[in-house]
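Novice: Quick one: sequence plus predicted model below, questions after.
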Amino acid sequence: MNFPRSLLCLLLVGGLFFGCKDKTAVRVYRVSKAEAPRESAPMSPEMPAAPVESGAPAAQPPQFTGTPPPHWEAQSLSAMRQASYLVKGDGGATADISLVALSGPAGGVLDNINRWLSQLGQPPITGEQLAQIARHVTSPLGDVTVVDLEGLPQGGDAAKDGRIVAGIVSGDGGSFFFKMRGNAALAESQKEAFLEWIGSVRRAGGESFPFPR
């Protein structure tokens, strides 16, 4: 079919007009301003804050009182440790001192002393041998059987181990264990102070002690 030249030109112009209009619409869509990001809502005062952990252990009311030397550094307590100290000496030497309370006889004197000997890599002893090496200290908690044991277990650190000076007393339905373990020379230098401390320890306020079970 033959179209008049004027009609053909009119159709071409119209096509260009609508084509340009569509391209303009697409271009406007692509550069449209993006939605601004929403700011996070502030924390409500009713929202619980994250728990804050403290580096220091929670304080526990003392069940026992005593008179330790001022250079013994107090350490945190536990369910069984009713007193805990650290002593420092020359060359990185240390000794750990504790008072532990347990219900009942807790194995008895001889068995516990043999357990301490095994900690130092030493063989067990008999009741007769114990009678020869033990000494006794009078304390408000009762008569304390005290032993002085030496030995360094295989692979042990001589700066922190090598000697145990310890005492056991039973009474009032429980047993009390006084123990100093550490460098042999440092333990020797602290022995008399350790024995004096044992003799000063008593229940706080005269109250009964809840033994852990």
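Specialist: Cool, the structure landed.
Novice: Skipping adjacent residues, who's closest to Pro69 in space?
Specialist: Closest residue to Pro69 apart from its sequence neighbours, by CB to CB, 6 or more residues apart in numbering: Ala193 at 4.8 Å. (Each C-beta comes from the backbone N, C-alpha and C, glycine too.)
Novice: Secondary structure element holding the one you found?
Specialist: Applying DSSP states H and E as the criterion places Ala193 in helix 184-200.
Novice: residues in contact with that helix?
Specialist: Where contact means CB atoms under 8 Å, 6 or more residues apart in numbering, the residues beyond helix 184-200 that reach it are 66-69, 72, 87, 89, 93-95, 97, 137-140, 144, 146, 148, 150, 152, 158, 162-165, 167, 178, 180-181.
Novice: Just the buried ones from the residues you listed?
Specialist: 66, 68, 72, 87, 89, 93-95, 97, 137, 139, 144, 146, 162-165, 167, 178, 180-181 (16 or more other CB atoms under 10 Å).
Novice: any idea of the angle the helix or strand that contains Thr138 forms with helix 184-200?
Specialist: Using DSSP H and E, Thr138 sits in strand 135-139. Angle of strand 135-139 versus helix 184-200, following axes from the mean of the first three to the mean of the last three CA atoms, to 10 degrees, is 40 degrees.
Novice: so where's this structure shaky on pLDDT?
Specialist: Within the chain, the ranges that satisfy pLDDT under 70 run 1-62, 172-173, 206-213.
Novice: Show me it divided up by domain.
Specialist: Following automatic domain parsing, one gets these domains for the chain: 1-30, 65-206.
Novice: quick one, helices of the protein?
Specialist: Ranges of helices in the chain, per DSSP state H, are 5-30, 109-119, 127-133, 184-200.
Novice: if we can go back for a sec, hmm, who's touching the strand holding Thr138?
Specialist: Against strand 135-139 from outside (CB under 8 Å, 6+ apart): 143-147, 167, 169, 195, 198-202.
Novice: Pull out the buried members of the residues you listed.
Specialist: So, by 16+ other CB under 10 Å, the buried ones in the contacts of strand 135-139 are Val144, Thr145, Val146, Val147, Gly167, Val169, Leu195, Ile198, Gly199, Val201.
Novice: got the contact list for the last one?
Specialist: Taking CB under 8 Å, 6+ apart as the criterion, Val201 is in contact with Phe64, Thr65, Gly66, Ala83, Leu99, Ser139, Pro140, Leu141, Phe178.
Novice: Please repeat the previous calculation with a cut-off of 6 Å.
Specialist: By CB atoms under 6 Å, 6 or more residues apart in numbering, the contact list for Val201 reads Phe64, Gly66.
Novice: Look up phi and psi at it.
Specialist: The phi/psi pair for Val201 (degrees, to the nearest 10) reads phi -80, psi 130.
Novice: Against Gly142, how distant is it?
Specialist: As judged by CB to CB, to the nearest Å, Val201 and Gly142 stand 11 Å apart.
Novice: Gln190: neighbouring residues, count only.
Specialist: Gln190 sits with 24 neighbouring residues when counted by other CB atoms under 10 Å.
Novice: Might you report the residue contacts of the closest residue in space to Glu150 that isn't next to it in sequence?
Specialist: Leaving out its chain neighbours, the residue that sits closest to Glu150 by CB to CB, 6+ apart is Arg163, at 5.2 Å. Counting by CB under 6 Å, 6+ apart, Arg163 makes contact with Glu150, Ala184, Ala187.
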